[in-house]
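**Q** Sequence plus predicted model, see below.
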Amino acid sequence: MVDVEPVEKEIQLLDANERRLDGRALDELRPIKIEAGVLRRADGSAHVEWGGNRVLAAVYGPREAHPRHLQDPARALVQCRYNMAPFSVSDRKRPGPDRRSVEISKVTSEAFSAVVFTEQFPRTSVDVFIEVLQADAGTRCAGITAAAVALADAGIPMRDLVTACASGKIAGKVALDLNKEEDNFGDADDRAADWGDRPLADGRPPHRRRVRPSDEALDRRHQADLRDAEGGAPPAVLHRGVR
Amino acid sequence: MDSSAARRELVIPGDVIETHGLKPGEGTYVEGGKVFASLLGIRSEHGGYVDVIPLTGRYIPRADDDVVGQVVDLGPSHWLVDINSPYPAPLHATESPWRVEFGETSHFMDVGDSLLARVISVDETKRVQITMRDQGLRRLTGGQIVEISYSKVPRVIGKSGSMISMIKSYTKTQAFVGQNGRIWVDGDPKDVIHAVRAVHMIDENAQAAGLTDAVEDYLAGAYGRKEG
């Protein structure tokens, strides 16, 4: 395919003071705003604004699992669907599941299966729907964050709130929470989902981390976690109520 | 009672809960000797346990719960009843107040009919059995059903039934509060409207202090008098 918009391939992603294009430091996140209880008909819901990302998550259940043969007599299923709206990106995305969204859905449902007390609701399913309304890199992380808040809003018992953050390499340096330009023109990217606000290295079971990022990226995330825990800039969580 | 009424502490899943020597109760879990909240809710201390009272959630049936159900399917010797939970509850013909011949279940209750029932048992795979063979349990033929969040049912009932009996005495209606968050109200249509508004008031302001007084003020205003 031919590039429709000719873009400059050489972009200076870091300036001399290690500031990024939008003025952030390497370990700085974009502004986050989370609102819970935004959908009336869902059991739980949340809307997340994370930089340029706009993500909506809805949770239904626990409810009877269909089709019946999927039911597990010992525990609940956690089923996820990650979907990008056709208008969420600048080139229209062909609607429907593709290889990328199927994989993200699978990994997301595994991340939540690990924290939800599924054994309390045998034979049921908890259905999580993540809709990306506007994408600006790191949508799966914003989606996981939104889904975690929506699950809490639905009153589903779980060990902790799952949070997620992307990281990547730009201009040879590891940076947190890449935006679109850094994602497109940077050197590499990966992401990790984690439980809540406790530090990473406290002897938690290994299923906490789905993707194993480089030690440097983990270290940066750890530092960001600690800064949040010390009251640096925690995301504002609003609760609007069910009705 | 205790200090939890004065200090309402909101917790989210994963929050550490101070036990003050009490045992971990519902809505909590223990890991590495610490107690954490597993639900979004209010921390409460009751009977030697620290619980988290959920703000929202689905109703999970328990033995001896009173429920308001609706028939969703028929079998030759049972009805399948929706009790507002993830698990449908079969009501066997022998647990009904009538003598039902095999294949004649629809003569007594059909799909769409509402009923008052009680949960007999729930096993570990959450298979539910319900009965109508007890006093006050029957098929409903009139009135209105209000649906609220099941976690607010204790507030609708009030301490030893004070709230619901106040609503009943003001509005002169009959009412049955199901643990599954469904409330049946019957009486004069005007009175039912006031009773339903009072229930919605409780549903929306379940965490407020002095709720009984607020509801009494509303009912006294609606009926222009204070009940003795």
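**A** Great, that's in hand.

**Q** Give me every residue in chain A lying close to chain B.
**A** Within chain A, the positions adjacent to chain B are A:43-44, A:61-64, A:73-74, A:115, A:117, A:120-124, A:152-161, A:195-198, A:242-243 by C-beta under 8 Å from any C-beta of the partner chain. In this view, the C-beta of every residue, glycine as well, is placed from N, C-alpha and C.

**Q** Please, a PyMOL command that selects the buried ones among the residues you listed?
**A** Selecting the buried subset of the residues of chain A next to chain B in PyMOL, with 16 or more other C-beta atoms under 10 Å in any protein chain shown as the burial test, is done by:
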select buried, chain A and resi 43+44+61+62+63+115+117+121+122+123+124+152+153+154+155+156+157+158+159+160+161+195+196+198+242
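
**Q** Now, the residues of chain A next to chain B that are in strands?
**A** A:44, A:61-64, A:124, A:195 (DSSP state E).

**Q** For A:Arg24, give me the pLDDT.
**A** pLDDT, A:Arg24: 91.

**Q** In which helix or strand does it reside?
**A** Assignment of secondary structure by DSSP states H and E places A:Arg24 within no helix or strand.

**Q** In chain B, what residue lies closest to chain A?
**A** In chain B, the residue that lies nearest chain A is B:Gly57 (2.8 Å; C-beta to the nearest C-beta).

**Q** So which residues of chain A form strands?
**A** Using DSSP E, strands in chain A cover A:32-36, A:44-50, A:53-64, A:77-84, A:124-134, A:162-170, A:173-176, A:188-195, A:236-239.

**Q** Can you say which of these is packed in most?
**A** Neighbour counts (mean count of other C-beta atoms under 10 Å in any protein chain shown) averaged over each of the strands of chain A peak at strand A:44-50, with a mean of 25.

**Q** what comes into contact with that one?
**A** Applying C-beta atoms under 8 Å, 6 or more residues apart in numbering or on different chains, the contact partners of strand A:44-50 are A:30-39, A:54-59, A:138, A:141-143, A:145-147, A:149-156, B:56.

**Q** for that strand, what is the average pLDDT?
**A** The model assigns strand A:44-50 a mean pLDDT of 95.

**Q** Any chance you could list what contacts the helix ranked longest in chain B?
**A** Taking DSSP state H as the criterion, chain B has its longest helix at helix B:189-204. Here helix B:189-204 makes contact (C-beta under 8 Å, 6+ apart) with A:243, B:143-144, B:146, B:148-149, B:152, B:155-156, B:163, B:167-168, B:170-173, B:175, B:183, B:185-187, B:211, B:214-215, B:218-219, B:222-223.

**Q** Find the centremost residue of chain A, please.
**A** Taking C-alpha atoms, centre = their mean as the criterion, A:Cys141 is the residue nearest the geometric centre of chain A, at 1.9 Å.

**Q** Name all residues that make contact with that residue.
**A** A:50, A:164-166, A:177, A:191, A:193.

**Q** swap in B:Leu22?
**A** B:45, B:48-50.

**Q** Please list only the buried members of those.
**A** Looks like those have B:45, B:50 buried, using 16+ other C-beta under 10 Å.

**Q** Tell me how many other residues surround the closest residue in space to B:Tyr170 that isn't next to it in sequence.
**A** Using C-beta to C-beta, 6 or more residues apart in numbering or on different chains and skipping residues adjacent in sequence, the residue nearest B:Tyr170 is B:Leu219, 4.1 Å away. B:Leu219 is flanked by 22 other residues according to other C-beta atoms under 10 Å in any protein chain shown.

**Q** can you point me to the longest helix in chain A?
**A** helix A:99-115.

**Q** same for that one, what does it pack against?
**A** strand A:77-84, strand A:124-134, helix A:139-153, strand A:162-170, strand A:188-195 (3 or more C-beta pairs under 8 Å, 6 or more residues apart in numbering or on different chains; DSSP states H and E).
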